[in-house]
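Give me a 3D structure for the following:
(chains A and B)
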Number of protein chains: 2
Amino acid sequence: MPVTIYHVNERSMSHDYVISVDLGGTNLRVGAVRDDGLIEEREKRSSEAKATTSEILQNIEEAIRTIVRRLEEKQKTIRGITLGFPGIVDSEKGIVYQSPHFPDWKNLVFVDYFRKKFPWPIKASNDANLAALGESWLGAGKGLKNFVMMTLGTGIGGGIMIDGKIFHGDHGFAGEIGHIVIEAEGHECPCGSRGCLEMYVSTLGIRKLIETADDVLRKEQLLERVGGNLDKITVQALYELAREGDILAHSTFKKMGYYLGIGLATLVNTLGIENFVIGGGISEAWDFFVEVAKKELAARTYSETARYVKLLKAQLGDDAGLIGGARF
Amino acid sequence: MPVTIYHVNERSMSHDYVISVDLGGTNLRVGAVRDDGLIEEREKRSSEAKATTSEILQNIEEAIRTIVRRLEEKQKTIRGITLGFPGIVDSEKGIVYQSPHFPDWKNLVFVDYFRKKFPWPIKASNDANLAALGESWLGAGKGLKNFVMMTLGTGIGGGIMIDGKIFHGDHGFAGEIGHIVIEAEGHECPCGSRGCLEMYVSTLGIRKLIETADDVLRKEQLLERVGGNLDKITVQALYELAREGDILAHSTFKKMGYYLGIGLATLVNTLGIENFVIGGGISEAWDFFVEVAKKELAARTYSETARYVKLLKAQLGDDAGLIGGARF
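Purely as a prediction, here's the structure:
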């Protein structure tokens, strides 16, 4: 899915590089990103959520050193390191306050740790915000003054772009759009709330939608086909089933689209922002949910507003965060 | 409730004036606002929603002329006219696209009408946005870089202040926070959506909460005491009942607080903005709903975020819009 936008046949001797770190709940990805956005070196490791914080830090450090070595061998200039973390990140102070994937993290000053290890300027930000920055620079958000980035993965990541810059709110907490409440007394969310958008529109949400489906027979069939375990069902597996014509897989994506439309309506009515860039693994199933989302959104916004709204598929795939990190 | 902030005993000869118009669903209010925010002349008329558009325009025009005459008699300098309208207003183009109180209005270019009648610069904006500007200048929002203004009246008005300026979104539609969806399949809203915050937190919302209350006996008693008609129950009447200890009046304000907390949680999680200025008639019943709202809000936001959030009671009352109009 990542679109090749760059001409790589030019001489790259004159380029500077940023080392960009994207720590997710499943993978740690580190890249050497050229000043025109090309990712020239990559390092991918598993990011085991059960590892201790110091193991995670060491893992990141080693991955960065690997990339540094490769760049130094080629005599490249490194201009800085950007760390992208899931959760509540204060990018001015370089503190990760809380992270849904790493419950042990509380007020960790990551930036200081890495500043002691490396000689380059080091910055940190929320991963979804960096993805928004990447899409804004070279992807679906290119040329848009304002847009909201939604990353539909295990949960929902969000980044709000206003006047070409990430909007952070008062303390860097803006963009937690997965925790828009769409059902006052809906499914419990690990965040402590109920009825959060993320509990309906994400991999976790899709599992809940299947779990609570009325059609018991089709549910059993579907679970059998994906190995019997609801907790392990992936969007990829559901997507394959939907392509094969499975009715429950279809209706699950449609339900997800319905809830997505509701969440988008709240965003449109609140922010008056009209462009939404939707990425993450679930966006692969675009055609199965987007029409329902658009319909629901239109029914829940003023007609004058609705006609401007555009849902755009993200273009940079998994690379959005790394590319955004370089831009940041 | 309006707080006197100004020293009016100074000589006002040197002040300039803006004529500020605040058109609501019930009242048309026009004021001559001094450049320090003091409202020196006032004109109040009823704004009958059933009047034709040209009758409404004429009514506004006459009210403005009355104020102009009074200012000219005192040889005051008029610098401009600001028109505050409910609904979807494009303040750059001076167009009112849609208005909940005046369903006939579609894409009306009000500004042009008044430009032909008066020699001064004329601007238009959404009434809730102007109220936010007023509170930002001289009220509860003074000194706050970012805040959200909520006006709890017949419906909910909203204004989002970012970096000391009203945030308008792409086409001036931002701040329609009454249409945050908090119940996917909740009460039908006249906007076409369902489960809008406004259907739970506003005069309309309060009526629905009483209508759907389980306690039939208390409901009948309460309706008897306010004249038997649910559609005419006012917040003022409910407030009086709550003060007298009526249990259903109490529980209605608490339920409203619960839903308000949910709406605020969506705003905090999305915008990362921590200060909320809450005005409108319902804010008079502050003590009956605010603790429940705070509790619900805290349960639905990250603890790191929740500790920063402040709910502030608006300070300028009905004058916020007029004062904000002058600032605008």
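
Around chain B, pick out the residues from the stretch 101-250 of chain A.
For the stretch 101-250 of chain A, the residues in contact with chain B (C-beta under 8 Å from any C-beta of the partner chain) are A:107, A:145-146, A:158, A:160, A:162, A:167-177, A:179-184, A:186, A:191-194. No exception for glycine: its C-beta is placed from N, CA and C like everyone else's.

roughly how far apart are residue A:282 and chain B?
If you measure residue A:282 against chain B using C-beta to the nearest C-beta, to the nearest Å, the figure is 19 Å.

For chain A, give me the ranges with low pLDDT.
Scanning chain A for pLDDT under 70 picks out A:1-13, A:48-50.

Which residue is most remote from the mean position of it?
residue A:217 (33.8 Å; C-alpha atoms, centre = their mean).

How much space separates it from chain B?
Taking C-beta to the nearest C-beta, one finds residue A:217 at 25 Å from chain B.

now that residue, what's its secondary structure?
Using DSSP: H, G, I helix; E, B strand; the rest coil, the structure places residue A:217 in helix.

Ok, residue A:51 next?
coil.

what residues does the host helix or strand of residue A:89 touch?
Assessed by DSSP states H and E, residue A:89 sits inside strand A:88-90. If you take C-beta atoms under 8 Å, 6 or more residues apart in numbering or on different chains as the criterion, strand A:88-90 is touched by A:95-99, A:124-126, A:129, A:171-173, A:176, B:302, B:304-305.

So which of those residues sit within helices?
A:129, B:304, B:305 (DSSP state H).

wait, which of those is closest to residue A:59?
Using C-beta to C-beta, residue A:129 is the member of those that lies nearest residue A:59, at 22.3 Å.

For burial, what's the neighbour tally of that closest one?
Residues lying near residue A:129 (other C-beta atoms under 10 Å in any protein chain shown) number 28.

Which of the three states applies to the spatially closest residue to it that is not a sequence neighbour?
Nearest non-adjacent residue to residue A:129, counting by C-beta to C-beta, 6 or more residues apart in numbering or on different chains: residue A:159, 4.3 Å away. Assigned by three-state DSSP, the conformation of residue A:159 is strand.

Run through the residues that contact residue A:159.
By C-beta under 8 Å, 6+ apart, the contact set of residue A:159 is A:126, A:128, A:129, A:130, A:131, A:132, A:133, A:148, A:149, A:166, A:175.

Just flag the most distant two among the residues you listed.
Using C-beta to C-beta, the two most remote members of the contacts of residue A:159 are A:130 and A:148, lying 14.8 Å apart.

higher neighbour count, the two?
Neighbours were tallied for residue A:130 and for residue A:148 using other C-beta under 10 Å; the higher tally belongs to residue A:130 (34 against 25).

quick one: residue A:322 and residue A:134 touch, right?
Yes: judged on C-beta atoms under 8 Å, residue A:322 makes contact with residue A:134 at a distance of 7.2 Å.

the more surrounded of those two?
Taking neighbours as other C-beta under 10 Å, residue A:322 and residue A:134 compare with residue A:134 leading, 33 against 27.

next helix or strand past the host helix or strand of the more buried one?
Assigned by DSSP H and E, residue A:134 belongs to helix A:127-138. Following helix A:127-138 in sequence order, the next helix or strand is strand A:147-152 (DSSP H and E).

what's the angle from that next one to helix A:127-138?
Counting by axes from the mean of the first three to the mean of the last three C-alpha atoms, to 10 degrees, strand A:147-152 lies at 130 degrees to helix A:127-138.

what's strand A:147-152 in contact with?
So strand A:147-152 is in contact with A:128, A:131-132, A:135-136, A:141, A:156-161, A:177, A:201-202, A:267, A:271, A:273, A:275-283, A:312, A:314, A:320, going by C-beta under 8 Å, 6+ apart.
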